[in-house]
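In: quick one: sequence and predicted model below, then my questions.
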Amino acid sequence: MNALVEIQLPGVERLRRGKVREVFDLGDGRLLIVATDRISIYDVVLPTPIPGKGILLTQLTRFWFEWFGDRLRSHYITTDLAALPPSLAPYRSALEGRSMLVWKAERIPVECVARGYLAGSAWEEYRVSGTVAGEPLPPGLVESARLPEPRFTPATKAEHGHDENLSVAELAALVGSTVAAELQAQTLCVYREAEAYARARGIIIADTKLEFGWINGELAVIDELLTPDSSRFWDAAQYVPGGPQPSFDKQYVRDWARAQGWNRQPPGPALPPDVVEATLARYREAYTRLTGQPAPV
């Protein structure tokens, strides 16, 4: 299938262009989020898309929002394109499968990260200082070790460039102590429920990041939820702490780029066809294991 890298919807205001998603304001309190096939690593959008990735991200996010249901306040309305304004009918083929209607929210510019395992930047920090997000951990832990308890490690949300880690105290200074405590509680609750569900289906959710916003004065989860773009998904059957793990997420692309000697600065490297295919295969596997359904692409 052809990759969707960018979409224009004449007559509809584009509110935001993220690394992967295009957000359009429908003018009636609703937003249309379109997930493209762009892929970013280390906060840099690569020149090579992953065809169909946006569909997998959207449909997995839809699955999680519907799985949590009333247990989780979110901005989700539907992925049914029949709910779109009639003026968008000419763009239905481009929007199909990769579009989500949501309620407009006042976004909180913070990424709320839950970590159950010592990986990625958390492992890099621990190896140097014995801490994660500035909080001490027990000595002697190895890479990919399961943490005694899941940790909340927030970060700034950058539209461009790199996110910056925040301590919980810094988060409280930014949004207030009450809101910070609620963000932490909700993030860890979502992580614990999803991690238990996924583990029963052969996937370890090592960590995940959530975003929140205000809708009618209530905190709500916004953007994507528990996808291979926003989470580390490991194969539970092959899990062995002490090093990197076989994964179903974009860590595969990070590892490939690092092996090329890329310095994590723009421009990012172009991906060869075999890396594109292997990445898509991992996303499909995550979707199928978690939903129990065949991948939509």
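Out: Structure's in. What do you need? Residues are numbered from 1 along each chain as shown.

In: make it CA atoms for all contacts and neighbour counts henceforth
Out: OK.

In: list the contacts of stretch 14-27.
Out: 6-7, 12-13, 31-40, 43-45, 159 (CA atoms under 8 Å, 6 or more residues apart in numbering).

In: for it, which positions count as buried?
Out: 14, 19-26 (16 or more other CA atoms under 10 Å).

In: what about that stretch, how long is it end to end?
Out: End-to-end distance of stretch 14-27 (CA to CA, to the nearest Å): 11 Å.

In: what is the mean pLDDT for it?
Out: On average, the pLDDT along stretch 14-27 is 96.

In: on that earlier part again, tell me the two of the buried residues of stretch 14-27 that are most distant?
Out: Taking CA to CA as the measure, these span a maximum distance of 20.7 Å, between 19 and 26.

In: what's the distance between the residue most central in space within the chain and residue 140?
Out: The centre of the chain sits closest to residue 230, judged by CA atoms, centre = their mean, with a distance of 2.1 Å. For residue 230, the distance to residue 140 (CA to CA) stands at 28 Å.

In: does residue 198 touch residue 292 like I think?
Out: No - in this structure, residue 198 is not within contact of residue 292 by CA atoms under 8 Å, at 11.0 Å.

In: the two: who's more crowded?
Out: residue 198 (19 against 10; other CA atoms under 10 Å).

In: name the helix or strand for the more buried one, please.
Out: Under the criterion of DSSP states H and E, residue 198 resides in helix 177-199.

In: quick check: buried residues in that helix?
Out: 180, 183-184, 186-188, 190-192, 194-195, 198-199.

In: can you add distance to residue 279 and pLDDT and give those residues back as a markdown table?
Out: Listed next are these as a markdown table, based on distance: CA to CA, whole Å; pLDDT from 0 to 100:
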| residue | distance to residue 279 | pLDDT |
| --- | --- | --- |
| 180 | 35 | 97 |
| 183 | 31 | 98 |
| 184 | 31 | 97 |
| 186 | 30 | 98 |
| 187 | 27 | 98 |
| 188 | 28 | 98 |
| 190 | 26 | 98 |
| 191 | 24 | 98 |
| 192 | 26 | 98 |
| 194 | 23 | 98 |
| 195 | 22 | 98 |
| 198 | 20 | 98 |
| 199 | 21 | 98 |
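
In: now render those as CSV, adding distance to residue 262.
Out: Output for these, formatted as CSV (distance: CA to CA, whole Å):
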residue, distance to residue 262
180, 36
183, 35
184, 34
186, 36
187, 32
188, 34
190, 34
191, 32
192, 35
194, 33
195, 32
198, 33
199, 33
